[in-house]
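Sequence below, structure please.
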Amino acid sequence: MLVELKQREKEGRPINVGLIGCGAMGLGIAYQVGKTPGMRLSFVADFNEVAAKKAAEVYGKPTKILKDGMAALQDEKIPCDVFVEATNSIIAAYDYCAAAIARNAHCVLMNAEVDAILGFLLRDAAAKQGVVVTSDSGDQHGVLARMMEEIEMWGFDIVQAGNMKGFLQRDQTLEGIAPIAKQLKLSTVQCLAYTDGSKLNIEMSIIANEYGLTPFVPGMEGPRANKMQDVLDVFDFDKYNGQGRVDYILGAKEHGGGVYVVAKCESEFQQGYMNYYKVTNRHPYYVFLRPYHLCHLETPRAIALAALYGKAVCTMRMGRVTDTFAYAKKDLVPGTLVQHAIGGDEVYGLIDEAKKADAANHVSQGVLDIEGISARPVIKRRVAKNTPLTWDDVEIPANRMTELWEKQKPLLKTLRG
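Model prediction:
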């Protein structure tokens, strides 16, 4: 890949990249594209012009700066081979991606929310245009997809795709998280989605839908662990009965921000080699660790895979095996408005098997995240804290999220295959 990129650089045939969203991740992506041979940032856009200008500054080369990202995507004079979506929106992100697909540009989703919630609809449109919509290489689910492909090539069976989370507080509020968000230079909504676990569950749903994995319980087990090696002690893999799972460990600081895969190999022949290679194991279970995910640093890999080879990092190829469902963050009373479904004060999200949760009438968290209108979902009857919302509990106003969700339904698969 790098050889091909360097050749493109030498020949003056760079991959033209468009970027919308210049928050913390967008800035990093702009910088990294500027450091990657064979790539050019053809435009950068953000409704906050100051943020867009900052991204252009860190990119360090000439590029177009716009407040209107849609205008950039619709301007055929601005080249765009690959579009990177890095906003915190869902509906606006969907519209940007749809516009990019319409002009035959590949899409890389640094935005896990639009990926998980409307990704099937986007990928269907992309397939018709002969382009790729892919998860980003640097998010946890993208890193796990790369690891798991390699592990399967070795002849191991995937037992668990694992994340590492340092801190979790499901009932945290926007007011409570504000000081930390300011310190980390994140939006309060985004920071809250990290803290209450919604983001974790959304990302693990994406990798679950890539490999047909499921959580052992709604929201995953998430046991506390002092170090990564404790994975072998805090989970009972035998009870999985051959079904691959997604889960996480909580509190391990040594490899914070990392991911791991537990795989199974019964071969005693292979066991000798794995012990020699000092792979953490309790035969037949082996733990493969990547102690970091580097977000923006790894985005150019997804860009290059799409542009050079027409390949995706992760596409949720097994269908809607799982989804993230809304749970009450506090006792909800009739008349309560769900202001922000992902990163708000009313609900948090837990991953669950889609077929089971749909049968129980549970509400997908993302459907409650409304943009573009002032009306909000309204709680119709009392919902106790930490219980799932059902469709009977909430009244959702007419909005584009609901329209797109209904449009996507025929594409959704609740079973593998």
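
by contact count, what packs against the helix or strand that contains V44?
V44 is located in strand 39-45, with elements delineated by DSSP states H and E. Other elements packing on strand 39-45 under the criterion 3 or more Cβ pairs under 8 Å, 6 or more residues apart in numbering; DSSP states H and E are strand 15-20, helix 24-35, helix 49-59, strand 64-66, helix 69-74, helix 299-309. To be clear about C-beta, it is placed using only N, CA and C from the backbone, and glycine gets the same treatment.

how about a cut-off of 7 Å?
strand 15-20, helix 24-35, helix 49-59, strand 64-66, helix 69-74 (3 or more Cβ pairs under 7 Å, 6 or more residues apart in numbering; DSSP states H and E).

out of these, which comes closest to V287?
With Cβ to Cβ as the criterion, V287 lies closest to helix 24-35 of the helices and strands packed on strand 39-45, at 28.4 Å.

Quick one: residues in contact with that closest one.
Residues from elsewhere that reach helix 24-35 (Cβ atoms under 7 Å, 6 or more residues apart in numbering): 17, 19, 39, 41, 44, 54-55, 58-61, 84, 86, 110, 185-186, 295-297, 299-300.

Just list the residues touching the spatially most central residue of the chain, thanks.
Closest residue to the average C-alpha location of the chain: A112 at 2.9 Å, with Cα atoms, centre = their mean. Applying Cβ under 7 Å, 6+ apart to A112 gives the contacts D139, K199, I202, E203, I206.

Low-confidence ranges, this protein, go.
Scanning the chain with the threshold set as pLDDT under 70 gives 413-417.

how's this protein carved up into domains?
Using automatic domain parsing, the domain parsing of the chain gives 2-139+299-309, 140-292, 322-411.

ok now the last one, how far from the chain's centre?
Put simply, domain 322-411 sits 19 Å off its chain's centre (Cα atoms, centre = their mean, to the nearest Å).

Same question for the second one.
The chain centre lies 14 Å from the centre of domain 140-292; the measure is Cα atoms, centre = their mean.

end-to-end on that domain?
With Cα to Cα, to the nearest Å as the measure, domain 140-292 spans 9 Å from end to end.

Also the first one?
End-to-end distance for domain 2-139+299-309: 13 Å, by Cα to Cα.

Downstream of the lengthiest helix in the chain, the next helix or strand is which one?
If you go by DSSP state H, the chain has its longest helix at helix 112-129. Next helix or strand after helix 112-129 toward the C-terminus (DSSP H and E): strand 133-135.

hmm, what's the outermost residue in the protein?
Distance from the C-alpha centroid of the chain, by Cα atoms, centre = their mean, peaks at F269 (37.4 Å).

can you list contacts of stretch 234-251?
158-166, 168, 200, 204, 207-208, 211-216, 220-225, 230-231, 262, 285, 351.

Only the buried subset of those, as a ChimeraX command please.
Buried residues within the contacts of stretch 234-251, by 16 or more other Cβ atoms under 10 Å, are selected in ChimeraX with:
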select :158,159,160,161,162,163,164,165,168,200,204,207,208,211,212,213,214,215,216,220,221,222,225,230,231,262,285,351
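
Show only the entries of the contacts of stretch 234-251 found in strands.
If you go by DSSP state E, the contacts of stretch 234-251 have I158, V159, Q160, A161, G162, N163, M164, K165, V262, Y285, I351 in strands.

OK, contacts around the second one?
Meaning V159. F237, Y240, G244, V262, A263, K264, Y285.

Of these, which is the most crowded?
Neighbour counts for these (other Cβ atoms under 10 Å) peak at V262, which has 26 neighbours.

doesn't P397 make contact with A375?
Yes - at 3.9 Å, A375 counts as touching P397 under the criterion of Cβ atoms under 7 Å.

winner for burial among the helices and strands packed on strand 39-45?
strand 15-20 (a mean of 27; mean count of other Cβ atoms under 10 Å).

outside of it, which residues touch it?
8, 26, 29-30, 33, 38-46, 55, 69, 72-73, 79-87, 96, 303-304, 307.

if we go to 8 Å?
Contacts with strand 15-20, where a contact means Cβ atoms under 8 Å, 6 or more residues apart in numbering, come from 5, 8, 26, 29-30, 33, 38-46, 55, 69, 72-73, 78-87, 96, 100, 105, 303-304, 307-308.
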